[in-house]
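Participant: Sequence first, then the predicted structure:
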Amino acid sequence: MGSPERADAQPDAAQVHSADIAMRRVKRYLATHAEEGEIRLTVGGDPDDTLAVPRSVVELLAKVLAHMATGQAVSVVPAHAELTTQQAASLLNVSRPYLIGLLDAGEIEYRKVGTHRRVRVDSLMDYKRKDDRERRDVADELTELNREMGLY
């Protein structure tokens with residue numbers, strides 16, 4: 001499987017500052033250049049040394065920079081990677097027993113390797129998106145009920 005690639009440590013103050021500046025510039029570029037396709041990056045200020053990267057890579061870079069700008073370490077995990085139950089629980093910020101309950105209930109797809117469960121990152125992220133959407137829907141319903149009752 002290969003483990004997720006992980007930042008070595010929490011970014012220091014200089015890295016946080018640098019990430020914040022870079023994130024703002026990347027987001028501004030993306031907002032003002034809406035075309036799809038490749039984006040050409042100049043490396044080291046040398047116009048002869050450019051990289052052409054897919055727009056989706058630059059969008060991902062903006063997300064990585066946004067996390068670093070808030071002082072968070074960042075992990076990059078391929079969608080097809082398989083995680084241990086402990087890694088999956090950590091990614092969801094839940095306990096391992098709670099995750100096992102989700103797996104046993106069929107909420108998240110997994111496979112067994114011997115006696116161990118392996119969870120694909122894409123299945124885990126599908127669950128997370130679904131759960132986040134359901135939480136937003138419930139919050140919206142509560143907000144609407146508060147309005148109807150004159151509490152908001």
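Facilitator: Perfect, I can see it now. Residues are numbered from 1 along each chain as shown.
Participant: hey, let's count contacts and neighbours off CA atoms from now on
Facilitator: OK.
Participant: Would you map the helices across this protein?
Facilitator: In the chain, the helices defined using DSSP state H lie at 13-32, 55-69, 85-92, 96-104, 121-148.
Participant: closest to residue 114 out of those helices?
Facilitator: Taking CA to CA, helix 85-92 is the member of the helices of the chain nearest to residue 114, at 13.8 Å.
Participant: Tabulate the CA atom coordinates of the closest one in PDB.
Facilitator: C-alpha atoms of helix 85-92 as PDB (Å, rounded to 0.1, in the frame of the first residue of the first chain):
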ATOM      1  CA  THR A  85      -8.400   1.300  10.900                       C
ATOM      2  CA  GLN A  86      -6.400   3.500  13.100                       C
ATOM      3  CA  GLN A  87      -5.300   5.700  10.200                       C
ATOM      4  CA  ALA A  88      -8.900   5.900   9.000                       C
ATOM      5  CA  ALA A  89     -10.200   6.800  12.400                       C
ATOM      6  CA  SER A  90      -7.600   9.500  12.800                       C
ATOM      7  CA  LEU A  91      -8.500  11.000   9.400                       C
ATOM      8  CA  LEU A  92     -12.200  11.100  10.400                       C
END
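Participant: Could you pull up the mean pLDDT of that helix?
Facilitator: The average pLDDT within helix 85-92 is 93.
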